[in-house]
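*Asks:* Predicted model and sequence follow; I will ask about them next.
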Amino acid sequence: MTAVLTQPRPIRLKGRSYLALTLTPELPFEDWLVRLDDLAGRSAGFFLRRPVVLDVEGLEIDRAQLRDLVGKLGARNVRIMGIEGARPSMLGNDLPPAMSGGKTTGDIEEPTAEPAKEAPVAESVAVTPAAPLPAKAVASIIVTQPVRSGQSIFAEGDVTIVGSVASGAEVIAGGSIHIYGTLRGRAMAGTLGNAEARIFCRKLEAELVGIDGYYKTAEDLEPSLRGKPVQFWLEGETFTGGSLA
């Protein structure tokens, strides 16, 4: 049966951006999954209800290996929303869609059929390079209340918390994180690829801290830093922390 629209109304399509975690697996996958299990085991619920993108750029794998990896991640409750860096021939209906770029914002006009056009006449047109667009300011936020257990704070820029971050809460920032209280939950800075980002807190009791994909869980943190004002940063690929006192 064919439905007939007596009062056709356009469907509104909108773009929306989300902050997603990106997993960059390494070969052999068996070893990488062991390390992932170790991270997830020390931070229960880390991947739950969180959009995750799988980046396989540069990996010499075939479609069967990719499908097997996505399946093993799914068995660990890591739901992959998209795959970056995979050849089109590797993807299909049984795998998450290809993703690239990162974010799309603003309304999207509903596509409409265009009338047929005559073949254009070839002509030489001088193209003037477009002027560079001004740099877009990165949004930073200030939270004036404590972050309670179960709450998540996201920002593309810096995040400042005027209070404490409870156990089970998390703060994720593309820039640096400043916590003027006790950090008992999780703090992940530089998540948009900013290795210069830092984490500052007045008192360290964290479950997990991370910068640009490098993490330390509570068991990995130096006991001498516990209970003290602390900052964390990256020195190359080394996750480093020090007391602010």
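*Replies:* Sure, I can see it.
*Asks:* need the contact list for T22.
*Replies:* V52, V53, L54, D55, E84, G213 (C-beta atoms under 8 Å, 6 or more residues apart in numbering). Where C-beta positions appear, they are placed from N, C-alpha and C, glycine not excepted.
*Asks:* same thing but at 7 Å, please
*Replies:* Residues in contact with T22 (C-beta atoms under 7 Å, 6 or more residues apart in numbering) are V53, D55.
*Asks:* where does it land in three-state SS?
*Replies:* Put simply, T22 is strand when judged by DSSP: H, G, I helix; E, B strand; the rest coil.
*Asks:* So what sits opposite it in the bridge?
*Replies:* When assigned by DSSP bridges, T22 has beta-bridge partners V53.
*Asks:* roughly how far apart are T191 and V52?
*Replies:* 12 Å (C-beta to C-beta, to the nearest Å).
*Asks:* what about those two, which has more around it?
*Replies:* T191 (22 against 16; other C-beta atoms under 10 Å).
*Asks:* Quick check: that one touching G175?
*Replies:* No. Between T191 and G175 there is no contact under C-beta atoms under 7 Å: 9.2 Å.
*Asks:* Name the residues contacting each of these two.
*Replies:* With the criterion set as C-beta under 7 Å, 6+ apart, the contacts of T191 and G175 do not overlap.
*Asks:* Which helix or strand in the protein has the lowest average pLDDT?
*Replies:* strand 106-108 (a mean of 41; mean pLDDT, DSSP states H and E).
*Asks:* Helices along this protein, start to end?
*Replies:* 29-42, 63-75 (DSSP state H).
*Asks:* Between these, which one is closest to L208.
*Replies:* helix 29-42 (7.7 Å; C-beta to C-beta).
*Asks:* Flag every buried residue along the closest one.
*Replies:* For helix 29-42, burial by neighbour count (16 or more other C-beta atoms under 10 Å) applies to F29, L33, L36, A40, R42.
*Asks:* and the angle for that helix with helix 63-75?
*Replies:* 10 degrees (axes from the mean of the first three to the mean of the last three C-alpha atoms, to 10 degrees).
*Asks:* Contacts for helix 29-42 next, please.
*Replies:* P25, E26, F46, F47, L69, K72, R76, Y215, T217, E219.
*Asks:* Quick check: the farthest pair among those?
*Replies:* L69 and E219 (26.6 Å).
*Asks:* More neighbours: which of the two?
*Replies:* A side-by-side neighbour count of L69 and E219, using other C-beta under 10 Å, places L69 first with 22 against 9.
*Asks:* Chain neighbours aside, what residue packs nearest to the more buried one?
*Replies:* Among residues not flanking L69 along the chain, F29 sits closest, at 5.5 Å (C-beta to C-beta, 6 or more residues apart in numbering).
*Asks:* again with W233
*Replies:* Per C-beta to C-beta, 6+ apart, closest to W233 is R198, 4.6 Å.
*Asks:* Now do the contacts for W233.
*Replies:* Contacts of W233 by C-beta under 7 Å, 6+ apart are R198, I211, T240.
*Asks:* I'm done for today, thanks for sticking with me.
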